[in-house]
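Q: Got a sequence here, can you model it:
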Amino acid sequence: MVEKYSIPSAIVLAGVIIAGAIVMTRSSVRSAQQGGAVSPSASIASATAFPKIALRPVDGARDHIRGTSDARVTLVEYSDLECPFCKQFHVTLQQAFQEYGGKIRWVYRHFPLDTLHPKARKEAEASECAGEQGKFWEYADRLFEVTPSNNGLDPAQLPVIARDVGLDVAGFETCLKSGKHAQRIQEDLADAEKAGGQGTPYTVILGPNDLTIPFSGAQPYENLKPVLDKLLAES
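A: A predicted model of the protein is given here:
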């Protein structure tokens, strides 16, 4: 349970997150108001008490996971494939995964912001079609690389990306036209909102003793690293 986490350690970790939030630039705060990230104040308020977050349990049969089940820290990210801040944070999480290896795992869930990025929902479905062929991560990585963000990707590029990552393009297109994964995307979005997500990217970090920490916005790697270091030291 959360209360098992020692009070001194919780205070130190809260300080780390608060410090990271404070150093976010004014431009980041402006971006939050535009829907790209949640204001740092949300992280500060949440970090102080570490309330339990209503998060759907990680499911290896359903979720897209980088890392192994015995990883000591899990990052559950809710993301929008057309969000420029998600594109930025995707690189941050790639860096974290590369550095920490088997110590952490990264779970990707969809949180398309329809009013800002109406193309993102279909792109999310496209990534699920890639997942049917075992290449969700390759597809998502490539899409983030090529999209200009802010609803700028031409839908005609979706099968091109499929080809680039080695998918059976005909099967991919059949899947995408069927809309078979639309419900999955909606379920992820609802989960994000239940978990407290108000913008993208929104990440919940799962630490020792059932600790759940909201980590809002595209905070830079230098903000994320001390949080991971502290959690890994406690696990």
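Q: buried residues in stretch 220-232?
A: Neighbour counts over stretch 220-232 (16 or more other CB atoms under 10 Å) mark 220, 223-228, 230-232 as buried. (Each C-beta comes from the backbone N, C-alpha and C, glycine too.)
Q: Which of the residues you listed fall within helices?
A: 223-228, 230-232 (DSSP state H).
Q: and those as CSV, adding distance to Glu132?
A: Shown next, in CSV, are those (distance: CB to CB, whole Å):
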residue, distance to Glu132
Asn223, 35
Leu224, 31
Lys225, 34
Pro226, 38
Val227, 34
Leu228, 32
Lys230, 38
Leu231, 33
Leu232, 34
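Q: Looking at those residues, spot the one nearest Gly171.
A: Leu224 (36.6 Å; CB to CB).
Q: what residue is smack in the middle of the chain?
A: Per CA atoms, centre = their mean, the C-alpha nearest to the average position across the chain is that of Glu77, at 2.1 Å.
Q: Which residues are in contact with it?
A: Glu77 sits next to 89, 93, 106-109, 201-203 when contact means CB atoms under 8 Å, 6 or more residues apart in numbering.
Q: May I have the phi/psi pair for it?
A: When read as degrees, to the nearest 10, the backbone of Glu77 gives phi -100, psi 130.
Q: Check which residues of stretch 140-150 are buried.
A: In stretch 140-150, counting by 16+ other CB under 10 Å, buried: 140-144, 147, 149.
Q: do stretch 201-217 as well
A: For stretch 201-217, a neighbour-count test (16+ other CB under 10 Å) marks 201-207, 211-217 as buried.
Q: For the residues you listed, please prepare CSV with the additional fields distance to Gly166.
A: Below are the buried residues of stretch 201-217 laid out as CSV (distance: CB to CB, whole Å):
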residue, distance to Gly166
Pro201, 27
Tyr202, 31
Thr203, 29
Val204, 32
Ile205, 32
Leu206, 32
Gly207, 36
Leu211, 39
Thr212, 36
Ile213, 36
Pro214, 36
Phe215, 33
Ser216, 35
Gly217, 33
